[in-house]
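>>> with the sequence up front, the predicted model follows.
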Amino acid sequence: MNNPKVRRRYLTITGNENVLLYLILLSFLISCQSKVEPPLPYGAIPSERQLKWHEMEFYGFLHFTVNTFTNKEWGYGDEDPIIFNPIDFDADQIVSTARDAGMKGLILTCKHHDGFCLWPSKYTEHSVKNSPWKDGKGDVVREISDACKEYGLKFGVYLSPWDRNHKDYGTPEYIEYYRNQMKELLTEYGPVYEVWFDGANGGTGYYGGAKEERKIDRSTYYDWDSTWKIVRKLQPDACMFSDVGPDVRWIGNERGIANDTCWATLTPEGIDGRKPGPGSSNYRKNTKGIRNGKYWIPGECDVSIRPGWFYHKSQDSMVRSPENLVDLYFKSIGRGANFLLNLPPDKRGLIHENDVKSLKEFKKTIDRIFAKDLAAEAKVLASNVRGESREYDPLNVIDGNGNTFWSCDDSVTKSHIILEFDKPVTFNVVSLREYLPLGQRIYGWALDSWHNGEWNTFAQGASIGNRRLWRGDIQITDKVRFRITDAPVCPAVSEFGLYLNEK
């Protein structure tokens, strides 16, 4: 009588005690049913570090160095450290401004192309230790990284591969110098979530007084594979950014905009048959990515809140408007990429008042748009549910949990979800997400609203990925349908949200 199925036949339902026993056994039998397995992953899939990066969505860049004081964008390398003196430097003001804007991390230009180091590196004299700031005892990297910890932001580092100051640039000795500095940054300042490798390499510079042009083969000089191994060893959770990843790719422009169709996968291509690397790749494909690319290398959209990357007083009246920042949000995050917005500290060592004002209004607008998900009040129907299992129920798309998802049987690729409401709802923003651990599975989608007894299509597209935001004309309806029109495999959808962006 150990088999529950056999025991159930002998139960006599005559009293409350037997009824209770029956219900307990029935519940046990249901729990013992064979589990419906999830869909198999499709194509390239993200690593754990990449999944954490996707969750961040919005974070900031801090371009700050001697250029801030020389009114340049690219320093030549001959700048005297004595010019670096941000007498009112306040890491708390800088980091809290980023936090209040909704950013989840900051990437600091620890060393730009001019070679000046914002930390007292033991490998060079061209650093803050020879500046008048805090009598040479200051460390910008330390203060920013500590403030990030205090305000709950993640910290990232930018270390320019090019160095227009160092006398050995262009020789093997410089590579050792560069890697030594990388080790300093990755071992002395706590956890790092992103390491940013710029593609600008080689050209005219001071080079220890040589004042000449030095060219390098970008595809071989840095031996990137060996440099990347250092990052993996010292900061295994850090994502690495460059033209070619290996974790995160440059979107291919500095306008903060991804292509309307933007795949998270890419197969990097070199130039003239050479090995692809930072500054030596066919980066024009990065804006769109490659459907079914060999590697999961999602896009990052970088742009500055001002025309320049470094602070210039002449640009105080040229700060991006809140409306423009919201537009960039939808054209970066809303197309499956992440949004990296540069906030250049001024000569005081503060984020300028005009930048702060614009960021505050931007945050208010974003908060207002996404304050209420109308879909949470809907009845959810699906054309198919995988194995008829609650684990893949369509209700998962409105539960606010990114770890649950709706899916279909393996044989079902074209499918749909319908949100039904007791009374008409008004919206003009739709948010869609795929369940990324199973890959990017949807190749085509459409949105329909119910009017006068029929469906009317109001939006359609191709990629979804981490997030797809549609923003358009006001829709008033009591039924909304999300259709998957093209897919190589069954879907895995974790979010279908409706919002109202009131003007």
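Looks like it came in fine. Numbers count the residues shown, from 1 in each chain.
>>> pop the domain breakdown of this structure in here.
Following automatic domain parsing, the chain resolves into domains at 1-33, 64-369, 374-499.
>>> now those in CSV, with mean neighbour count?
Yep, even glycine has a C-beta here, placed from its N, CA and C like the rest. What follows is the domains of the chain, written out as CSV (neighbours: other CB atoms under 10 Å):
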stretch, mean neighbour count
domain 1-33, 10
domain 64-369, 20
domain 374-499, 19
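>>> quick one: the strands in the stretch 251-400 of the chain?
265-266, 295-296, 299-304, 338-342, 379-382 (DSSP state E, counting those that start in this stretch).
>>> now render the ones you listed as a markdown table, adding mean pLDDT and distance to Pro172.
Formatted as a markdown table, the strands of the stretch 251-400 of the chain follow (pLDDT from 0 to 100; distance: least, CB to CB, whole Å):
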| stretch | mean pLDDT | distance to Pro172 |
| --- | --- | --- |
| strand 265-266 | 98 | 30 |
| strand 295-296 | 98 | 29 |
| strand 299-304 | 98 | 31 |
| strand 338-342 | 98 | 32 |
| strand 379-382 | 98 | 60 |
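>>> for the ones you listed, give me JSON lines that also has distance to Asp327.
Formatted as JSON lines, those follow (distance: least, CB to CB, whole Å):
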{"stretch": "strand 265-266", "distance to Asp327": "25"}
{"stretch": "strand 295-296", "distance to Asp327": "27"}
{"stretch": "strand 299-304", "distance to Asp327": "11"}
{"stretch": "strand 338-342", "distance to Asp327": "11"}
{"stretch": "strand 379-382", "distance to Asp327": "31"}
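>>> so which of those comes closest to Leu438?
Taking CB to CB, strand 295-296 is the member of those nearest to Leu438, at 11.8 Å.
>>> any residues touching the closest one, and which ones?
With contact meaning CB atoms under 8 Å, 6 or more residues apart in numbering, strand 295-296 is reached by 44-47, 50, 245-246, 264-268, 439.
>>> one more time with 6 Å
Ala44, Ile45, Pro46, Ala264, Thr265 (CB atoms under 6 Å, 6 or more residues apart in numbering).
>>> could you do stretch 42-57 as well?
104-105, 237, 239, 247, 265, 292, 295-296, 333, 338, 436, 439, 441, 466, 489.
>>> straight-line length of it, end to end?
23 Å (CA to CA, to the nearest Å).
>>> same check on stretch 258-277?
21 Å.
>>> of all the strands of the stretch 251-400 of the chain, which lies closest to Glu73?
Closest among the strands of the stretch 251-400 of the chain, using CB to CB: strand 299-304, at 10.3 Å.
>>> give me the angle between that closest one and strand 338-342.
Interaxial angle, strand 299-304 versus strand 338-342 (axes from the mean of the first three to the mean of the last three CA atoms, to 10 degrees): 20 degrees.
>>> helix/strand/coil for Met182?
State at Met182, reduced to three classes by DSSP: H, G, I helix; E, B strand; the rest coil: helix.
>>> so how far is Tyr158 from it?
Separation of Met182 from Tyr158 (CB to CB, to the nearest Å): 11 Å.
>>> please, where are all the helices along the stretch 351-500 of the chain?
353-369 (DSSP state H, counting those that start in this stretch).
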